[in-house]
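Participant: Need a 3D model of the following:
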Amino acid sequence: MSRNHFAVLLFALLGLSACTGQQDAETPGTFRAALLTAGPVSDAGWYAGAYEGLLLLRDSLGALVSHQQTRTPAEFDEAFLSYASSGYDLIFAHGFEYQDAAMRAGERFPNTTFVVSGGGRFADNVVPLIFELEEGSYLAGMIAAGMSRSGVVGMVGGVAIPPVEGTFLAFEAGARTVNPDVQVLESFTGSWDDVAAAKEAAVAQLGRGADVLIHNVDAASFGVFQAVRETVAAGGTAWALGMNRDQNDVAPDVILGSAVIRIPESFLETASTWQTGTLGGRPIYAGASEDVIDFVLNPQLLDVVPAELVAEMTAVRELIRAGELTVPRVPFVEGEPGVR
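Facilitator: Below is the predicted model of the structure:
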């Protein structure tokens, strides 16, 4: 699917979300689920996956659903208040930044359950949903180092929060298993959605010799992919790697593969657990062993990735899935070693 086609599809889905939000108050007794995102669900990544998850709850569980984009802490509080006061049962807040507002809302609305993707704090009705994406980015690092001709790879991030820092730590560790001498560049733009800033950071890393780039941003990923494409168009050699969602079809000519979170399936499992009355009071960890986290090679570029490298990455993936290899991560959840 092309980027433009994807954007049109998501725009249409957004219109559906707005309509469902108006229907909820008129249908008492029905399971109601809401989603808060801090950025647009047309990002082809983190937020798009969450929105697909919300629609999966509608289609699989018959839930009435609604979505709001909220950018500031004040808007977080207002949205939680609005949804909880309107009788929503389950509210997904998709990002680490929502955790404090969710804790406040949880105290005020004990009969509503708040699920915070990547959150670090929890209560009886506030549940962190921890995607162990570092397991996918570790595999991405292996591919990056194996495909790099220059021995330099790069990482472009949005905001330096622990979940993102963890994916970059694992990416570097994975790269060094293939090439112990690989040089890894890292930069943070301070924004998840600033396409121009991400492109500028990517161009700077390419200028320093990096020839494989990974990102951990949202809509800003388009800037990273564009920088790589322009380098190739100018006669250079460069590759990109997707993150958070299967982005292989966003720029299929330059994306070797994607570190994937299967967010929709994880949302469905979380909601199903909530329906049994057993959700709450502890974090949920979702990783490769649950088939939530994976690294997916771009089928259109399989012929450019050496078979030996694919085999090496596949073997390591199986070790991670079996629990025989622990990938480096940055702890940030209450109760974890080193976290107060």
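
Participant: okay, CA-based contacts and neighbour counts for the rest of this
Facilitator: Fine.

Participant: could you show me where the helices are in the stretch 201-340 of the chain, in order?
Facilitator: 221-233, 263-275, 307-321 (DSSP state H, counting those that start in this stretch).

Participant: could you dump the ones you listed to JSON lines with mean neighbour count, mean pLDDT and distance to residue 334?
Facilitator: Formatted as JSON lines, these follow (neighbours: other CA atoms under 10 Å; pLDDT from 0 to 100; distance: least, CA to CA, whole Å):
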{"stretch": "helix 221-233", "mean neighbour count": "21", "mean pLDDT": "98", "distance to residue 334": "30"}
{"stretch": "helix 263-275", "mean neighbour count": "19", "mean pLDDT": "96", "distance to residue 334": "20"}
{"stretch": "helix 307-321", "mean neighbour count": "16", "mean pLDDT": "98", "distance to residue 334": "24"}
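
Participant: low pLDDT regions in the protein?
Facilitator: The chain contains residues with pLDDT under 70 at 1-29, 340.

Participant: where along it do the strands fall?
Facilitator: 32-37, 64-69, 90-93, 113-117, 126-131, 152-157, 183-188, 212-216, 239-244, 255-261, 284-286, 293-297 (DSSP state E).

Participant: for the fifth one, packing partners?
Facilitator: Packed against strand 126-131 by the contact rule (3 or more CA pairs under 8 Å, 6 or more residues apart in numbering; DSSP states H and E) you find helix 99-108, strand 113-117, strand 284-286.

Participant: Now do it and helix 99-108, the angle between them.
Facilitator: Per axes from the mean of the first three to the mean of the last three CA atoms, to 10 degrees, the angle that strand 126-131 makes with helix 99-108 is 150 degrees.

Participant: same check, this time on the longest one
Facilitator: Angular relation of strand 255-261 and helix 99-108 on a 0 to 180 degree scale: 20 degrees, by the same axes, to 10 degrees.

Participant: quick one: strands adjacent to strand 255-261?
Facilitator: strand 239-244 (parallel), strand 293-297 (antiparallel) (DSSP bridges).

Participant: can you list the helices of the stretch 201-340 of the chain in a markdown table and add distance to residue 191?
Facilitator: What follows is the helices of the stretch 201-340 of the chain, written out as a markdown table (distance: least, CA to CA, whole Å):
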| stretch | distance to residue 191 |
| --- | --- |
| helix 221-233 | 11 |
| helix 263-275 | 22 |
| helix 307-321 | 31 |
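
Participant: Of these, which is nearest residue 245?
Facilitator: helix 263-275 (8.1 Å; CA to CA).

Participant: gap between the closest one and the chain center?
Facilitator: Centroid displacement of helix 263-275 relative to its chain, using CA atoms, centre = their mean, to the nearest Å, is 16 Å.

Participant: Then stretch 273-282?
Facilitator: Counting by CA atoms, centre = their mean, stretch 273-282 comes out at 23 Å from the chain centroid.

Participant: Nearest to residue 330, out of the strands of the chain?
Facilitator: Short answer: strand 126-131, nearest of the strands of the chain by CA to CA, at 11.9 Å.

Participant: how far does stretch 199-219 stretch from start to finish?
Facilitator: Using CA to CA, to the nearest Å, one end of stretch 199-219 lies 11 Å from the other.

Participant: Would you indicate which residues of that stretch are buried?
Facilitator: 199-206, 209-219 (16 or more other CA atoms under 10 Å).

Participant: Run through the residues that contact the closest residue to residue 284 other than its chain neighbours.
Facilitator: Residue nearest to residue 284 in three dimensions, not counting chain neighbours: residue 129, with 4.9 Å by CA to CA, 6 or more residues apart in numbering. Residue 129 is in contact with 115, 116, 117, 118, 119, 283, 284, 285, 286, counting by CA atoms under 8 Å, 6 or more residues apart in numbering.

Participant: mind redoing it with 10 Å?
Facilitator: Going by CA atoms under 10 Å, 6 or more residues apart in numbering, residue 129 touches 92-96, 115-120, 122, 266-267, 270, 282-286.

Participant: one step back: okay, the strands of the chain in CSV with distance to residue 177 next?
Facilitator: Listed next are these as CSV, based on distance: least, CA to CA, whole Å:
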stretch, distance to residue 177
strand 32-37, 35
strand 64-69, 40
strand 90-93, 35
strand 113-117, 29
strand 126-131, 23
strand 152-157, 14
strand 183-188, 13
strand 212-216, 16
strand 239-244, 18
strand 255-261, 17
strand 284-286, 24
strand 293-297, 16
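
Participant: for the ones you listed, which one sits closest to residue 331?
Facilitator: Across these, closest to residue 331 is strand 126-131 (CA to CA), at 10.7 Å.

Participant: Pull the closest one out as PDB, backbone CA atoms only.
Facilitator: Output of strand 126-131 as PDB, limited to C-alpha atoms (Å, rounded to 0.1, in the frame of the first residue of the first chain):
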ATOM      1  CA  VAL A 126      -4.300   1.400  36.000                       C
ATOM      2  CA  VAL A 127      -2.500  -1.100  33.900                       C
ATOM      3  CA  PRO A 128       0.800  -0.600  32.100                       C
ATOM      4  CA  LEU A 129       1.000  -2.500  28.900                       C
ATOM      5  CA  ILE A 130       4.700  -3.000  28.300                       C
ATOM      6  CA  PHE A 131       5.600  -3.900  24.700                       C
END
